[in-house]
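K.L.:
the sequence and its predicted three-dimensional model are supplied below.
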Amino acid sequence: MLEVKSVSKSLGDRTILDEVSFSADAGRITGLVGARGAGKTTALRIVLGLMDADDGSVELDGEELEGGDRQNFGYLPEERGLYPSMPVGEQLVYFARLHGMSLGAAEKNAITLLERFDISDRAYSLLEQLTASEAQRVQIAAALAHDPDVVVLDEPFRDLDDEGIQLVFKFLADHAASGVPILIASDRWDQVEKFADDVVVLSRGKVHDSGSTDALRNRDGQQFELELSSDTGWIHDIEGIEVLEQAERRAIFSTNEKTKAQDVLRRAVETGDVRKFSSVSPALAEVFREVV
Ligand SMILES: Nc1ncnc2c1ncn2[C@@H]1O[C@H](COP(=O)(O)OP(=O)(O)OP(=O)(O)O)[C@@H](O)[C@H]1O
């Protein structure tokens, strides 16, 4: 488990991170989300040891990390940094070798990554000849080229098309399953909620909330959708629920109490034909609209 413990950082007279604590569990993808300028990149740089914290520590499996301990971390930096005029396959092997991998293992891993990201036919192309989505797949592959024990990706969704996102995150889920913590920072709440198991919400340098993606989506109670063959206006009279939307035969409400949802269903059955009654998860960006 990767743990950020009470990390603070000021630059000039500005507090960028204020006692930030969160963890990224082995075997899971953790999304660090927040608006632009929330402090995500700064937090990642401190995790990577590229910047020192003023206070606090970063630990891996209970041991405080020193600079060299990150040799087997994989990092996709915000400012992408590959060689524009070196063939793609060669770069992946080169980066894996830099991390101490044998030539054979580096070549094998490069071939696997190119296949998994569906860019095998680009192995001999130069980065500058690729589309934006292909180039981004290569950038992410470079972060994974040495089979890292910890993966940290800054804005991995940037420039990826839908197919690229699916391929990359299928690979990341498999890589996480081998016992690796994967931490991604992004302002794409819609994508993070699809692919992250856990989410840390950062706002103005502080952790606003954290937990499993499902728990955070249901933070304000579970939402239900109701559709009848008749008008649902009566739902406003039911106590202990919050009506989020109501128009003619349809209504969406939220409640923290399961029995209240059952009250609504009972009343709905008495009132008319129930066409639909199901629980729905709100979008994460909707739950945290105050900090998006
Ligand atoms: N070297 C620096 N000196 C002063 N302020 C900085 C420096 N680097 C970053 N900041 C400020 O720190 C805040 C957090 O920046 P950071 O890049 O960590 O945020 P972020 O959440 O990753 O956002 P973004 O998506 O815009 O990169 C921003 O307000 C930024 O302007």
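P.N.:
Perfect, I can see it now.
K.L.:
ok, residue 66 to residue 58 distance?
P.N.:
Distance, residue 66 to residue 58, using CB to CB, to the nearest Å: 10 Å. The way it works is simple: take the backbone N, C-alpha and C, and place the C-beta from them, glycine included.
K.L.:
check residue 271 too.
P.N.:
Taking CB to CB, one finds residue 271 at 57 Å from residue 58.
K.L.:
more crowded one of the two?
P.N.:
Using other CB atoms under 10 Å as the criterion, residue 271 and residue 58 rank with residue 58 on top: 20 against 15.
K.L.:
residues in contact with the helix or strand hosting that one?
P.N.:
Residue 58 belongs to strand 55-60 when elements are defined using DSSP states H and E. Strand 55-60 has contacts (CB atoms under 8 Å, 6 or more residues apart in numbering) with 1-8, 19-21, 46-47, 49, 64-65, 69, 150.
K.L.:
in helices only, show me those.
P.N.:
Among those, DSSP state H puts 46-47 in helices.
K.L.:
which one is the residue nearest the centre of the chain nearest to, not counting chain neighbours?
P.N.:
The geometric centre of the chain, computed from its C-alpha atoms, lies nearest to residue 31 (CA atoms, centre = their mean), at 2.8 Å. Distances taken as CB to CB, 6 or more residues apart in numbering place residue 196 nearest to residue 31, at 3.3 Å, with adjacent residues excluded.
K.L.:
and residue 53, which of the three is it?
P.N.:
Assigned by DSSP: H, G, I helix; E, B strand; the rest coil, the conformation of residue 53 is coil.
K.L.:
quick one, phi psi at it?
P.N.:
Phi and psi for residue 53, reported as degrees, to the nearest 10, are phi -80, psi 150.
K.L.:
name all residues that make contact with it.
P.N.:
Residues near residue 53 by CB under 8 Å, 6+ apart: 7-9, 17, 46.
K.L.:
of those, which is the most crowded?
P.N.:
Ranking the contacts of residue 53 using other CB under 10 Å puts residue 17 first, with 27 neighbours.
K.L.:
state the pLDDT value of it.
P.N.:
Residue 17 carries a pLDDT value of 98.
K.L.:
now residue 46. Nearest residue, chain neighbours left out?
P.N.:
Leaving aside its sequence neighbours, residue 46 sits nearest to residue 53 (CB to CB, 6+ apart; 5.0 Å).
K.L.:
beta partners of the residue nearest to the centre of the chain?
P.N.:
residue 184, residue 199 (DSSP bridges).
K.L.:
residues of the stretch 101-250 of the chain that sit close to the ligand?
P.N.:
The interface of the stretch 101-250 of the chain toward the ligand, taken as CB under 6 Å from any ligand atom, is made up of residue 187.
K.L.:
residue contacts, residue 144?
P.N.:
Counting by CB under 8 Å, 6+ apart, residue 144 touches 74, 109, 113, 151, 171, 175.
K.L.:
and for residue 158?
P.N.:
residue 136.
K.L.:
now do the SS call for it.
P.N.:
coil.
K.L.:
pLDDT score for it?
P.N.:
Per-residue confidence at residue 158 stands at 93 (pLDDT).
K.L.:
how close does it sit to residue 121?
P.N.:
From residue 158 over to residue 121 (counting by CB to CB), the distance is 23 Å.
K.L.:
quick check: the farthest pair among the contacts of residue 144?
P.N.:
Across the contacts of residue 144, the longest distance by CB to CB is 13.7 Å; it joins 109 and 151.
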